[in-house]
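A.B. asks: model the structure of this input:
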Amino acid sequence: MTHGDAETRPPLDRTNAFTALEAALQWWGADVPEDPGAGELAHLLDEIVDRLRDDRRNERSRAAAEPLVQAAEALRAVARLGSLLPVISLWHLRTALRQEATARSQLAAENHLQPAGRAPL
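C.D. replies: Residues are numbered from 1 along each chain as shown. Prediction:
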């Protein structure tokens with residue numbers, strides 16, 4: 001959350017950002033390997049995007065795919081940077097998390113949120 005230009009929650013470090021992204025991809029139904037890199041997470045996001053775009057009957061699924069494309073691009077940037085420019089890498093990780101949250105909100109309906117492709121609980 002942001003209030004004006006000030007961040008209202010503690011900043012995520014690289015480890016916490018990766019942990020949050022792994023959990024997010026699991027929410028979308030991805031089988032996340034142990035200790036994945038940014039490139040692996042981007043590839044998993046690409047698979048999720050393909051699945052969402054293939055759902056021709058659900059406009060919300062297709063709309064959710066677009067922010068996930070941007071999240072995957074941010075993760076590819078992290079993979080390219082490696083250990084160089086850690087502040088920039090963290091910015092890209094946070095961007096990926098924000099885009100994933102945007103995609104999740106695209107699926108929100110009647111105050112019940114579910115990942116694409118999963119049956120209601």
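A.B. asks: enumerate every residue touching the residue nearest to Ala42 when sequence neighbours are not counted.
C.D. replies: Nearest non-adjacent residue to Ala42, counting by CB to CB, 6 or more residues apart in numbering: Leu75, 3.9 Å away. (Glycine included, C-beta is placed from N, CA and C.) The contact partners of Leu75, by CB atoms under 8 Å, 6 or more residues apart in numbering, come to Leu21, Ala38, Gly39, Leu41, Ala42, Leu45, His92, Leu93, Ala96.
A.B. asks: ok, the residue minimising distance to the centre of the chain to Leu81 distance?
C.D. replies: The centroid of the chain falls nearest to Glu100 when counting by CA atoms, centre = their mean (3.3 Å). To Leu81, Glu100 is 19 Å away according to CB to CB, to the nearest Å.
A.B. asks: also Gly39?
C.D. replies: Gly39 sits 11 Å away from Leu81, going by CB to CB.
A.B. asks: where do the contact lists of those two overlap?
C.D. replies: Residues within reach of Gly39 and of Leu81 at once, by CB under 8 Å, 6+ apart: there are none.
A.B. asks: if we can go back for a sec, write the ChimeraX selection for whichever of the contacts of Leu75 are buried.
C.D. replies: In ChimeraX, this line selects whichever of the contacts of Leu75 come out buried by 16 or more other CB atoms under 10 Å:
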select :21,38,41,42,45,92,93,96
